[in-house]
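> structure here, sequence nowhere to be found:
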């Protein structure tokens, strides 16, 4: 069910401001791809352009091609809502819906799309998604409680459960562990390893060890200079990026000699 | 006691002095009681009025407490005491009209409240007897209609402003016009409705729905403003979370944004209702008043509580005392309705508030 993504010559704008310039890469199916780089270099912006979340911001637009499963995402005939149903997203800060219980939060994607389903079917989806997100044993006795009552790490796993409940092809994660403690981070990294067999996963992270631990491929983004657009410096297998990178600036960044 | 405390830092000199002399925690109350006592004593001896005694007591407290504090605690704490005292005094000052109004209304109005007063109209009644049933129903019907008109328009306008307009020229213009509308005098809203319905139905038109339209002119800007502020408070992250699940924008608004903001919106709407329920001038123009029960807002004059109060106290003549008593009774009922609405708004706001589970 997972699919690969081909990106070529992608320019991303906020109004007239060119934020990311000339990105091209192929994200492999059923693998984990990590993006690393300094703050403000456009990793998150690029990630958001992969499921057309970028254009939610007024004035934001994209030039270039993102091809998923043979279809260009930015073709005028493509429905952004349909894109987002296939390419799910987990955000930096956990954002469960405050008016909904844990149970309803997991089903939010299905319910909000007014899919009719039987109680048994709904229960099944909730259990499967929560098990998939390694959260089932912790919350199975309090599914009716508000999602906001969970701890930060549990909330983030709830958001992942919510994202995989709609069974997307691709899962985009924007620094999913940056607000979490090491134990919750480890839980989510384990989860990424498990999800890899079913989903194509793209993750933005500031934690180089995390990128090295979880990803198969790594892309390094950088700014040429302050005020210049961000660009993709290097995209290679993670083992190569972290041991023998092609570009000297990648090595400088990874070894902490950045600037 | 103060002497002992003043000596303490000297007896135990440290490199990092953290202990400072303090006046006791009950000092403000003690000072207030003392100031009140001194003023009352002086008032008794010199024959001052109650107002003069209160003013003198207040002046003594404002000067005395900071002075006491300055002598023992130092300048910074004294300033704090001064400002705290002033803040409490202004709070008390603000409560005086409210408390005295509530007292006045209950005092004058409670005697006449009876089942007859609440269930009879004024048809053929000149002296004692009769009731406000017609005015009560009129107020409820007209306010309910005004709410039914303003809430959909106001909430949807706010949704446009926050979710779709987002600072474009049209949205900015609407916001400006809404702000202007907030300042429209109620009598002008009444004239507007009167002119509108005269244009449609010919001169001399009087009916309840006209009053509802006039009230909704006053209500819409309040509802728009309250809803707009509430929608702006809904975090962008929730909208993005919903979009990322493949939920269309309109469904995100209906199922995620509105429920999250519902508590605040309901509170805003209820406050708007409370605000227009007591309007007199527009209803006087377009609804008029009558002594009999009229439950049809599309035909003929209707009585409403504010207009009933107005006409009761302005008619004068032989039965002035009975009319004034009925006016106070109607005022008490009106205040009770508004207060109930406010309590209801708080309860509803609490029920719909996002649950934290803690």
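Here it is on my side, so go on. Note that the coordinates shown come from a computational prediction; the quantities given were computed from them, not determined experimentally.

> any stretches of the chain with poor pLDDT?
Went with chain A since none was named. Residues of chain A that meet the criterion pLDDT under 70 lie in A:1-2, A:114, A:258-259.

> meant chain B, my bad for not saying
Ranges of chain B meeting pLDDT under 70: B:1-14, B:354-358.

> and the closest residue to chain A within the stretch 201-350 of chain B, what element?
Ranked by Cβ to the nearest Cβ, the top residue of the stretch 201-350 of chain B for proximity to chain A is residue B:246, at 3.0 Å. Where you see a C-beta, it was placed from the backbone N, CA and C, and this is true even at glycine. Take DSSP states H and E as the rule and residue B:246 turns out to sit in neither a helix nor a strand.

> excluding covalently adjacent residues, which one is nearest to it?
In space, and not counting its chain neighbours, residue B:246 is closest to residue A:85: 3.0 Å by Cβ to Cβ, 6 or more residues apart in numbering or on different chains.

> do I have it right that that neighbour meets residue A:168?
Yes - with contact defined as Cβ atoms under 8 Å, residue A:85 counts as touching residue A:168 (6.9 Å).

> which of those two has more neighbours?
Taking neighbours as other Cβ atoms under 10 Å in any protein chain shown, residue A:85 and residue A:168 compare with residue A:168 leading, 25 against 20.

> so what's the backbone phi/psi at the more buried one?
phi -80, psi 170 (degrees, to the nearest 10).

> quick one, what contacts it?
Counting by Cβ atoms under 8 Å, 6 or more residues apart in numbering or on different chains, residue A:168 touches A:85, A:86, A:87, A:88, A:199.

> next one: residue B:110
residue B:332.

> the same query, at a cut-off of 10 Å, please.
B:328, B:329, B:332 (Cβ atoms under 10 Å, 6 or more residues apart in numbering or on different chains).

> which positions in stretch A:150-159 come out as buried?
A:150, A:153, A:154, A:155, A:156, A:157, A:158, A:159 (16 or more other Cβ atoms under 10 Å in any protein chain shown).

> whichever residue of the stretch 1-150 of chain A sits closest to chain B and residue A:158, how far apart?
In the stretch 1-150 of chain A, the residue that lies nearest chain B is residue A:149 (2.2 Å; Cβ to the nearest Cβ). When Cβ to Cβ, to the nearest Å is the yardstick, residue A:149 and residue A:158 sit 11 Å from each other.

> shared neighbours of those two, anything?
Counting by Cβ under 10 Å, 6+ apart, the common neighbours of residue A:149 and residue A:158 are A:96, A:102, A:139.

> okay, those in TSV with secondary structure next?
Formatted as TSV, the shared contacts of residue A:149 and residue A:158 follow (DSSP: H, G, I helix; E, B strand; the rest coil):
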residue	secondary structure
A:96	coil
A:102	helix
A:139	helix
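
> residue A:228 belongs to a strand, doesn't it?
No - under three-state DSSP, residue A:228 falls outside any strand and is assigned coil.

> enumerate every residue touching it.
A:18, A:21, A:41, A:222.

> which one of those has the most neighbours?
Counting by other Cβ under 10 Å, top hit in the contacts of residue A:228: residue A:41 with 24 neighbours.

> dump the residue contacts of the closest residue to chain A within the stretch 51-200 of chain B.
Nearest to chain A in the stretch 51-200 of chain B, going by Cβ to the nearest Cβ, is residue B:166, at a distance of 5.7 Å. If you count contacts by Cβ under 10 Å, 6+ apart, residue B:166 has them with A:58, B:160.
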